[in-house]
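Peer 1: sequence first, then the predicted structure:
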Amino acid sequence: MGEEIPLKPLTKSDVHRLETALMIATLLRSDLLDKIRNPEDRLTWIDSLAVAAGALARQRAGYTVPEIAEELGRSEATIRNHLQGKTEAGKLVQETYSKFIKEGVRIDIPFLEETITPGKIKELEKKLEESEDRIKELSSKIENAKKKLEEVISILS
């Protein structure tokens with residue numbers, strides 16, 4: 001996301017940007033990625049996160065609980081539970097929002113921590129080839145030592 005994401009949205013567009021950032025950043029948490037691996041729970045998690053992120057973004061824009069419930073098509077009780085952190089999705093989204101406040105809006109992609117470039121691949125292939133050559137060399141030395149040891153044993157016997 002190249003554009004600025006306001007933590008206190010003023011326009012509908014700002015609300016949608018904050019909502020999207022909250023949802024994506026929360027979805028990419030490593031603890032949540034493990035939870036949504038189960039296909040049976042995945043849709044429930046994604047739906048709950050979408051509602052919690054939408055509710056928090058709208059609350060930050062000054063919407064009331066009834067307005068949020070109407071816009072998101074959920075009950076006021078559900079919206080309140082998400083906003084008060086009584087649901088796990090609500091808690092996770094609030095943690096993400098708090099992180100945004102402290103560190104700025106930054107979305108980390110945990111499984112792409114190090115980009116592997118073609119140069120890095122070549123370097124690793126070269127190291128692998130060198131290691132394989134060294135293994136062959138050491139195997140040959142071990143075989144020679146084994147033969148000499150067998151010769152010594154046969155002479156001593």
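Peer 2: Ah, there it is.
Peer 1: name the helices or strands packed onto whichever strand or helix holds Ile46?
Peer 2: Per DSSP states H and E: Ile46 is located in helix 39-60. On a contact count with 3 or more C-beta pairs under 8 Å, 6 or more residues apart in numbering; DSSP states H and E, helix 39-60 meets helix 12-27, helix 30-35, helix 65-72, helix 76-83, helix 88-103. All C-beta atoms are positioned from the backbone trio N, CA, C, and that covers glycine.
Peer 1: Leu56 is nearest to which of those?
Peer 2: Closest approach to Leu56 among the helices and strands packed on helix 39-60 is made by helix 88-103 (5.4 Å; C-beta to C-beta).
Peer 1: how far off centre is the longest helix along the chain?
Peer 2: If you go by DSSP state H, the chain has its longest helix at helix 118-156. Distance of helix 118-156 from the chain centroid (C-alpha atoms, centre = their mean, to the nearest Å) equals 41 Å.
Peer 1: other residues contacting the helix or strand of the chain with the lowest mean pLDDT?
Peer 2: None of the helices or strands of the chain scores lower by mean pLDDT, DSSP states H and E than helix 30-35, at a mean of 78. Identification of contacts with helix 30-35 by C-beta atoms under 8 Å, 6 or more residues apart in numbering yields 26-27, 41, 45, 92, 110.
Peer 1: okay, now the domains of this protein?
Peer 2: Split into domains by automatic domain parsing, the chain comes to 12-112, 114-157.
Peer 1: pick the most buried one from the ones you listed.
Peer 2: Comparing the domains of the chain by mean neighbour count (mean count of other C-beta atoms under 10 Å), domain 12-112 comes out on top with a mean of 17.
Peer 1: next one: that domain to chain centre, how far?
Peer 2: 15 Å.
Peer 1: where does pLDDT dip in this protein?
Peer 2: Counting by pLDDT under 70, the chain contains low-confidence ranges at 1-3, 108-116.
Peer 1: pretty sure Thr26 contacts Leu49?
Peer 2: Yes - with contact defined as C-beta atoms under 8 Å, Thr26 and Leu49 form a contacting pair (5.6 Å).
Peer 1: shared neighbours of those two, anything?
Peer 2: Residues touching both Thr26 and Leu49 (C-beta under 8 Å, 6+ apart): 92-93.
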